[in-house]
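>>> The following comprises the amino acid sequence and a computationally predicted model.
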Amino acid sequence: MALITVDQTKCVKDGICAAECPVLIINLKEGFPEIAKGAENFCINCGHCVAVCPTAALSHTKFAPEDCMEIKKELLPDPEKMEQFLKHRRSIRSYKKKQVAKETLEKILSIASYAPSGHNRQPVKWHVVYEREELTKLCGHVIDWMKWMIKEKPEMAKSMELELVVAGYEAGIDNITRNTPHLIIAHGDKRDFSSNTACTIALTWLELALPAFDLGGCWCGYFNAAAMFWPPLQAALGLPKNNVSYGSMMVGYPKFSYHRIPPRNKAVITGL
């Protein structure tokens, strides 16, 4: 089957698909797009050619125009709404004792999976620690890692204030996962150069999507540090072979609402 097919009754020969192809494998023959022989090996299946065609004339072997979600311009934010949306983001550290429906988490993760990745590799995989009881057990491994750090790498442990975290945890204060009902981990194959960055971007998209579902999140730095370096926690997580946790996020219903946007340092910009 050809990589792309063109409905010549719809094609207006504008050449946009060829101009927008990231890997430049679409040529024009008598104004109609076609793929050069052997160029299929370079296609990254990004869908730009299908998405950009104004007349829905082009289909890709992996998706046709009817497989794609239509862009509704009336739903896109204007600059003022976008500024409010991005600036209102807060790291949520106080959560209600209420589980999020699994279907809701699946919906949010499906949105976050649209985050960009290098060469459209899409290396991000998700692991959800859904039950609080399981998460509490995993926190025990984090504490073990912290105690090891305090003993074996005291200077680094001091800079991370690990003694205070351990003391607080043993006194009943969870400064690791903040009693969040759920933890979401983004992981990828460590042999894939794009996994780390892709996971970071995808988690950012996840966090930005949460408020639309009345949820909040916060990056879980202590947990992820242990997940990257502490074998007992890695074993307990049971991620696929060669996969590494590149970020984890607490997720739940915020206990409190925010009403104002505090100022931040002025952007440092050069070249303008």
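Looks like it arrived, so ask away.
>>> and the longest helix along the chain, C-alpha only, in CSV?
The residue-count maximum for a helix in the chain (DSSP state H) belongs to helix 132-152. C-alpha atoms of helix 132-152 as CSV (Å, rounded to 0.1, in the frame of the first residue of the first chain):
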residue,chain,number,x,y,z
ARG,A,132,-2.6,5.1,48.4
GLU,A,133,-1.7,2.0,50.3
GLU,A,134,0.7,0.9,47.5
LEU,A,135,2.1,4.4,47.4
THR,A,136,2.8,4.4,51.1
LYS,A,137,4.8,1.1,50.7
LEU,A,138,6.8,2.7,47.9
CYS,A,139,7.6,5.7,50.1
GLY,A,140,9.3,3.3,52.5
HIS,A,141,11.8,2.5,49.8
VAL,A,142,12.3,6.3,49.3
ILE,A,143,13.1,6.6,53.0
ASP,A,144,15.6,3.7,52.8
TRP,A,145,17.3,5.5,49.9
MET,A,146,17.4,8.7,51.9
LYS,A,147,19.0,7.0,54.9
TRP,A,148,21.6,5.4,52.6
MET,A,149,22.3,8.8,51.1
ILE,A,150,22.7,10.3,54.6
LYS,A,151,25.3,7.7,55.5
GLU,A,152,27.1,7.3,52.2
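>>> Buried residues of that helix, list them for me.
Applying a neighbour-count criterion of 16 or more other C-beta atoms under 10 Å, the buried positions in helix 132-152 are R132, L135, L138, C139, H141, V142, I143, W145, M146, W148, M149, I150. C-betas here are computed from N, CA, C, even on glycine.
>>> Looking at the residues you listed, spot the one nearest V251.
Closest approach to V251 among the buried residues of helix 132-152 (C-beta to C-beta): L135, at 11.1 Å.
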